[in-house]
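S.K.: Predicted model, plus sequence, below.
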Protein chains: 6
Amino acid sequence: MSSLQGYTEFKHFLISSPAEYVASVEINRPKKLNAFFEEMWIEFGKIFEKLSHDPEVRVVVLSGAGDRAFTAGLDVHAASENVVLGGGDASIDGARRATLNRRHLLEFQDCIGQVEKCEKPVICVLHGISLGLAIDISCCADIRICSKDTKLAVKEVDIGLAADIGTLSRLPKAVSSFSWVKDVCLSARGFDADEALAVGFVSQVLETKAKAIETALQLASLIASKSPVAVQGTKELLNHARDNSVADSLRYTGVWNQAMLQTNDIKAALMSGIKKTKPRFEKL
Amino acid sequence: MSSLQGYTEFKHFLISSPAEYVASVEINRPKKLNAFFEEMWIEFGKIFEKLSHDPEVRVVVLSGAGDRAFTAGLDVHAASENVVLGGGDASIDGARRATLNRRHLLEFQDCIGQVEKCEKPVICVLHGISLGLAIDISCCADIRICSKDTKLAVKEVDIGLAADIGTLSRLPKAVSSFSWVKDVCLSARGFDADEALAVGFVSQVLETKAKAIETALQLASLIASKSPVAVQGTKELLNHARDNSVADSLRYTGVWNQAMLQTNDIKAALMSGIKKTKPRFEKL
Amino acid sequence: MSSLQGYTEFKHFLISSPAEYVASVEINRPKKLNAFFEEMWIEFGKIFEKLSHDPEVRVVVLSGAGDRAFTAGLDVHAASENVVLGGGDASIDGARRATLNRRHLLEFQDCIGQVEKCEKPVICVLHGISLGLAIDISCCADIRICSKDTKLAVKEVDIGLAADIGTLSRLPKAVSSFSWVKDVCLSARGFDADEALAVGFVSQVLETKAKAIETALQLASLIASKSPVAVQGTKELLNHARDNSVADSLRYTGVWNQAMLQTNDIKAALMSGIKKTKPRFEKL
Amino acid sequence: MSSLQGYTEFKHFLISSPAEYVASVEINRPKKLNAFFEEMWIEFGKIFEKLSHDPEVRVVVLSGAGDRAFTAGLDVHAASENVVLGGGDASIDGARRATLNRRHLLEFQDCIGQVEKCEKPVICVLHGISLGLAIDISCCADIRICSKDTKLAVKEVDIGLAADIGTLSRLPKAVSSFSWVKDVCLSARGFDADEALAVGFVSQVLETKAKAIETALQLASLIASKSPVAVQGTKELLNHARDNSVADSLRYTGVWNQAMLQTNDIKAALMSGIKKTKPRFEKL
Amino acid sequence: MSSLQGYTEFKHFLISSPAEYVASVEINRPKKLNAFFEEMWIEFGKIFEKLSHDPEVRVVVLSGAGDRAFTAGLDVHAASENVVLGGGDASIDGARRATLNRRHLLEFQDCIGQVEKCEKPVICVLHGISLGLAIDISCCADIRICSKDTKLAVKEVDIGLAADIGTLSRLPKAVSSFSWVKDVCLSARGFDADEALAVGFVSQVLETKAKAIETALQLASLIASKSPVAVQGTKELLNHARDNSVADSLRYTGVWNQAMLQTNDIKAALMSGIKKTKPRFEKL
Amino acid sequence: MSSLQGYTEFKHFLISSPAEYVASVEINRPKKLNAFFEEMWIEFGKIFEKLSHDPEVRVVVLSGAGDRAFTAGLDVHAASENVVLGGGDASIDGARRATLNRRHLLEFQDCIGQVEKCEKPVICVLHGISLGLAIDISCCADIRICSKDTKLAVKEVDIGLAADIGTLSRLPKAVSSFSWVKDVCLSARGFDADEALAVGFVSQVLETKAKAIETALQLASLIASKSPVAVQGTKELLNHARDNSVADSLRYTGVWNQAMLQTNDIKAALMSGIKKTKPRFEKL
């Protein structure tokens, strides 16, 4: 697995290039079950902001280091010392505390949301313990697959709060049953890989983490072999469609593609279809 | 099953408290298959309006009395005598009749919609005959479970009208397949518990009504044991997310939780997590 | 199968009336796998515009002629000669080319979208090769069923473009898993009938094309036997619900039905329910 | 000025019928500058809810009793004793207090908003002191006129809060200059009748309160002489237009008028146009 | 005034080219005060659909022939004989009549709305009698100017209906005072040129119709001398902005201009700015 | 005028504190008429991002250094050398160029939009030459005032492009006449201070730049003397209202104020009202 240039500044994530135009990002705090603290999610946001415009990257695979966890979520110990979950400075009033909370939340949402904003597709591989923030993060990814041993939960209710980093905003639009969404979010109960597949949260379940990673890389390589103009447009238009009416989505699509049809990739793809060769596309 | 204080005025529903912080509401007109007439749905709306702010209640279980039906829907005999389905006063013109119809519909929608507006989660247990209004009502609930014998149908087309009390508005956002939604709504054909589970309309199917009620109560008790701040926020944010873009939902979430993170429940939950005790939360 | 009056002008589609109030539209270019070129989709749009107001028609069944394909999608050979995919006139600048592209796309979207705008329900029967435009078209239909041999793919990425005729706008709101939608749209990989059923893209899979057509006709006849006021209102309200918040949908429903409840069909339906006769409804 | 039947239960408002089909509602606490306390706004909401469906009423004129004030706004003395502005019970945590605040605010908004929801047009006559809640209330009215002596201010910032009963929601869509809206809302500075006219907040300024009332009654009588189907539809469609895109508004208009064109009022209006007589319209 | 090629088929409108890239469209039924009947508005829609893509046209000036009227609106005599205002076939029920009404209205809206959909800016010159449909039509135009003698009214309430061809949808977003909009729409009272200017309905008032036409042509010529890429983009983006949030508008603008910045017009404009020459732009 | 701590890193803007809690930001490139190049707008964005959370700042006054210009807009000379307006690398295709354009535009929009996102109110003082970007920037400010000598224009059409940094998105919602907006945006014609006042673009016109600055500082000091909880909430809620329906705005307001009413500022404001003292509010 070769390294990816320009990412050495990041401490809490392993970043490499396992295949041409594919980047791998691993959450790298396995001894603590890959639990997140503030410095980590700020770094996490920066990585995906950078990947978004990196012409060497066409697809990203996101996973967790170690055997035990994708991520156990928020590092509650660290969080209980910060201003928000820790209760903060007793001398300020409820409105001022609310302002600090809101600023903190919006920044946190923004960091995690970089996965969704990243122009390149992100495939998230879940395994082992995958709680709380694991759901927020993976909901931002484009494609979710997991290993059989994955233990998932929308855990926030168990620490006294409604999930606020994106799960409640994205999950209802990602899966098949609003009744199921309410069930797992209101009760914080766990669910396993098969249940995640049944409701469409993940699109594949593999035997082991290794197999899941392998499958993700194959899919990533397949997507990376396609026209990046077509692939990145598809991501953008699907995300726009989720949040808009069909009429608005069609209008936006027309405006998007009025430019994107002016790509040489179409000719390259059509020609290689005729010649049975593998097309090569310029960077993007 | 102990009674719940303050609900003795209601005639058409049995209201009790089967467990701490859990309310049970049963539609109580079993001889008529729990069919609804106007007085009933007005009462129904008032009950859920009251439960919404009742600090003794954290979760509601909604079911139908008797073995045969959750509800057979609208009492067509009664409805055919009222102004709307009965055709109304022939002396008034089409515009004035339309106004009466609209006022009637909006009031009817408003009564049934109190289930969705209720701040506390509502678990709906379907069994036996569950037609027409049964779907409107259960679509407003947060979690739907049913027994194996449930016979469901979006029946309105069979009496010459498009369902207008909420099924057509909520069902497309509750289940997995728009093709299936159109199929059952356009044809008025029946579907059973297994089909309801397969498309995600219900999240569990139990052998009998008794088992379904038992399961609902267990789930209700589980949810009732959690922080009511977290649970009620989760309901609100999920309903908001369904109807808004992800960006708007995240912004709303930030503003919601800027206040809600100022709860003692977080400390209580974190402490009892450490101490392995059961947390107690203040009323809400 | 009797003919349907008034549709003899159309060349590329077979139009007939296999049952009372049921129209059948077959894409009729089987030697070219029913691939579309511009003249065809303009005709296609006109047919559905006409069916929309034709009082002899209450349901439409849409299928592809021949054994091999519903449609292989865009006729790429023809398309590569037109202004858009062919790259166009090199003498005009990027902005002017964009304008031509956009006008072309919006017109193309508009033709295919007539299936969705058609006031009558459209049941789409997929079989054999069903690629690219096949998904755009069937996403506009109300109910999708298919035969076991159906080979589907959102194929556009393979020719260097993001699908722009409706698939990316409608598919996320039609099926159960956003992860699956991204998977098939980003990779252009094929999927079969069983996978289509599992995610809710189709609501039934039949052994053969013939069985699928037969099933579609039975369903069409069932729907055609209902009140057209109720059926057409149901289509309109479900499509409105998909694109609007529940609150807006309820308001619109109230305004829709303030008029539609003034139909004799309700009385006819209620009377025939009592008399156990088959109701007859006036044309619409 | 004759009385209007059915409104004797209301204590804080004078309700009469100064002209055929015209109702007058006067805020009646002149000694306290017509300042509002909770019981008053609950009554206020009920009055407009009742007027909305009262067939004897086609237009409402809303004004304040006495010479000094339309209303000085919230009775701060009363408010400082209630749970919200008073700070509430110190023993409950920030989240629970927030819940009480929100319930209180939404109920308050709902009462005042009945002016906007009222199906009949409401003409608001402002005079003298018109602060805080005066703006919230008058923003809900359809037409605003005032006398020369009117002293207006969006006063809430001066008591430490952002206006939350509707001013900030409705004012930006009612007047001509967002810069002006921000100016008066952020600074709480006063503005007079001429400035209100210049920015379009009021549509007329009259010399005295008496003249303003007289003008309002003439306008009310004029509107009351028109078809109530046309007038009430116009109010509904304009309010819908304010909050929706033009495309959605046109669609809603089509659905609204598909029923409303079925009125005898059109024939009556056309005939009386030809015959130069005054048309008579049925009640609504 | 030279003729404009390709518009000879149209009977009810005078179409010419008074200046380079400027088209003039005159409503041409002066003996009947330019009142509209169905055939006219269908033709009207087709004209603007054609102008939209005509590369010889960059700006359109719309006016009414004769001295007396821009248009007196709907030809009520003709309308009273058609199915909608005439009351229609008494043998069909209220729901079916509603369907006919709705189809009629949506088609009528669609014809008039072609002025707004036209990619080229439309300057509307109002003069004399300008009632009812005159407001619907001019609200679709981009810029409105008028002569001093203009007599305007939103007249529909006077014939028993709420204006449904666009006035109620567009007027609230076009002028400065919602109170004024409600005033003129609810009362159907007339207003003159000065009032129209004061509320921003027109942006200029000229002494006579001739002067107004002259001013419109000068403005049209000025706009026609600019880059059509820039001008048509500006129209599209302003109309999009009116109907969307600022965030959505900015996103759409970015996608629009990602293509449109690839025009040679920018270089041409910058060069001629330096060289003090008049730039020439390619057709669009 | 004292300095404001922490802003010494910024090169192109003068930042000071002319009064308690008031920050002044001056565009400081007077020799070049304060024209912007890329480095400047990135710095501009950072300054407002910092001011947003700076507890020493409650209001910002934004102006241009020198006598001649607020800003002449984009430095076209610099822009013509960058990738976007300069036409870019001829070797890349239209789609890839579009992507570079879009990234550039969204970043540019984001920098300028920090004025709107800034939690503190921003008062913009326009004077002299105020073209192009001057409108984009001032549209983001909360309150606009100007001196008599101000020369304004939405100038972009004159360099061959539709304005894309915010003017077209925000201006239609800031002023009184959509006809006027289209007029100035389509023609790029200039308009002066009086016209800006008449349409509500500015809320005051002062004799000279010095007077305008003085007036802005007085207004800033007035606002800075109020509760920052109330002021910042008012800005947030007004901006939210502009972009949302009244119903959504009211709901958001309720959730916002459920926290913000828990401020000591209310008590402080009420007490100082009684005691006739000047209240002091904690920082925010």
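M.R.: Done, it's in. All values reported here derive from a predicted model rather than from experimental measurement. Residues are numbered from 1 along each chain as shown, chains lettered A, B, ... in the order given.

S.K.: Could I get the phi/psi values of the residue lying closest to A:V22 once chain neighbours are set aside?
M.R.: Spatial nearest neighbour of A:V22, chain neighbours left out: A:A220 (4.5 Å); criterion: Cβ to Cβ, 6 or more residues apart in numbering or on different chains. (C-beta placed from N, C-alpha, C; glycine too.) When read as degrees, to the nearest 10, the backbone of A:A220 gives phi -60, psi -40.

S.K.: close enough to count as contact, A:A220 and A:C124?
M.R.: No. Applying Cβ atoms under 8 Å, one finds A:A220 not in contact with A:C124, separated by 11.3 Å.

S.K.: ok so A:S16 is a helix residue?
M.R.: No. A:S16: not assigned to a helix; according to DSSP: H, G, I helix; E, B strand; the rest coil it is strand.

S.K.: Next, A:S24: secondary structure please.
M.R.: A:S24 ends up strand, using three-state DSSP.

S.K.: Tell me how far the closest residue to chain C within the stretch 51-200 of chain A lies from C:E195.
M.R.: When distances are taken as Cβ to the nearest Cβ, the stretch 51-200 of chain A reaches nearest to chain C at A:G200, 2.7 Å away. According to Cβ to Cβ, to the nearest Å, A:G200 and C:E195 sit 12 Å apart.

S.K.: cool, and A:L222?
M.R.: Distance from A:L222 to C:E195, counting by Cβ to Cβ: 17 Å.

S.K.: cool, A:E38 as well?
M.R.: 42 Å.

S.K.: near chain D, which residues of the stretch 51-200 of chain A?
M.R.: Contact residues, the stretch 51-200 of chain A versus chain D (Cβ under 8 Å from any Cβ of the partner chain): A:G94, A:R97, A:A98.

S.K.: Where do the helices of chain A begin and end?
M.R.: Here chain A has its helices, by DSSP state H, at A:38-53, A:76-79, A:94-117, A:133-140, A:167-170, A:178-187, A:193-198, A:209-224, A:228-243, A:246-260, A:264-275.

S.K.: Could you count how many residues lie near A:R58?
M.R.: A:R58: 26 surrounding residues under other Cβ atoms under 10 Å in any protein chain shown.

S.K.: Quick check: pLDDT value at it.
M.R.: With respect to pLDDT, A:R58 scores 98.

S.K.: and it, what is it in contact with?
M.R.: For A:R58, the contacting residues are A:Y21, A:V22, A:K120, A:I223, A:A224, A:P228, A:V231, A:L284, by Cβ atoms under 8 Å, 6 or more residues apart in numbering or on different chains.

S.K.: Buried by neighbour count, from the residues you listed: which ones?
M.R.: With neighbours counted by 16 or more other Cβ atoms under 10 Å in any protein chain shown, the contacts of A:R58 contain buried members at A:Y21, A:V22, A:K120, A:I223, A:A224, A:P228, A:V231, A:L284.

S.K.: quick one: the first one from A:A224, how far?
M.R.: Meaning A:Y21. Distance of A:Y21 to A:A224, computed by Cβ to Cβ: 4 Å.

S.K.: joint contacts of these two?
M.R.: A:R58, A:V59.

S.K.: which bits of the stretch 151-284 of chain A sit near chain F?
M.R.: A:V229, A:Q232, A:A259, A:M260, A:L261, A:Q262, A:T263, A:N264, A:D265, A:E282, A:L284.

S.K.: Would you check that A:L33 makes contact with A:L74?
M.R.: No. Using Cβ under 8 Å, A:L33 is not in contact with A:L74, being 11.1 Å away.

S.K.: Compare these two (neighbour count), which wins?
M.R.: When A:L33 and A:L74 are compared for neighbours, A:L74 comes out ahead with 24 against 20, by other Cβ under 10 Å.

S.K.: who touches the more buried one in this structure?
M.R.: A:A35, A:F36, A:F37, A:G132, A:L133.

S.K.: one more time with 10 Å
M.R.: Contact analysis of A:L74 by Cβ atoms under 10 Å, 6 or more residues apart in numbering or on different chains lists A:35-38, A:41, A:80, A:85, A:108, A:131-133, A:136, A:155-156, A:159, A:165.

S.K.: cool, and A:S52?
M.R.: A:V60, A:Q114, A:V115, A:K117, A:C118, A:E119, A:K120, A:Q232, F:R103.

S.K.: and for A:A220 and A:C124, which residues touch both?
M.R.: A:V60, A:V61, A:I143.

S.K.: which of these has the most neighbours?
M.R.: Result: A:I143 is most packed of these (other Cβ under 10 Å), 29 neighbours.

S.K.: rewinding a little: going by distance to chain E, which of the contacts of A:S52 wins?
M.R.: F:R103 (8.8 Å).

S.K.: Can you check what pLDDT the model gives that closest one?
M.R.: Note on F:R103: pLDDT of 97.

S.K.: Also the one 5 residues further on?
M.R.: Model confidence at F:F108, expressed as pLDDT, equals 97.

S.K.: rewinding a little: can you tell me which of the contacts of A:S52 is nearest E:F70?
M.R.: F:R103 (47.0 Å; Cβ to Cβ).

S.K.: just checking, that closest one touches A:E119?
M.R.: Yes. With contact defined as Cβ atoms under 10 Å, F:R103 reaches A:E119; the gap is 8.6 Å.

S.K.: quick one, which of these two is more surrounded?
M.R.: Neighbours were counted for F:R103 and for A:E119 using other Cβ under 10 Å; A:E119 has more, 21 against 17.

S.K.: Was I right to think that one contacts A:D142?
M.R.: No. Using Cβ under 10 Å, A:E119 is not in contact with A:D142, being 11.2 Å away.

S.K.: okay, and the common contacts of A:L33 and A:L74?
M.R.: Common neighbours of A:L33 and A:L74 (criterion: Cβ under 10 Å, 6+ apart): A:L131.

S.K.: ChimeraX command for the buried members of the residues of the stretch 151-284 of chain A next to chain F?
M.R.: Only the buried entries of these go into this ChimeraX selection, using 16+ other Cβ under 10 Å:
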select /A:229,232,259,260,261,262,263,264,265,282,284
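
S.K.: ok, and of the residues of the stretch 151-284 of chain A next to chain F, which contact chain C?
M.R.: A:V229, A:Q232, A:A259, A:M260, A:L261, A:Q262, A:T263, A:N264, A:D265 (Cβ under 10 Å from any Cβ of the partner chain).

S.K.: pLDDT score for the last one?
M.R.: This points to A:D265. 95.
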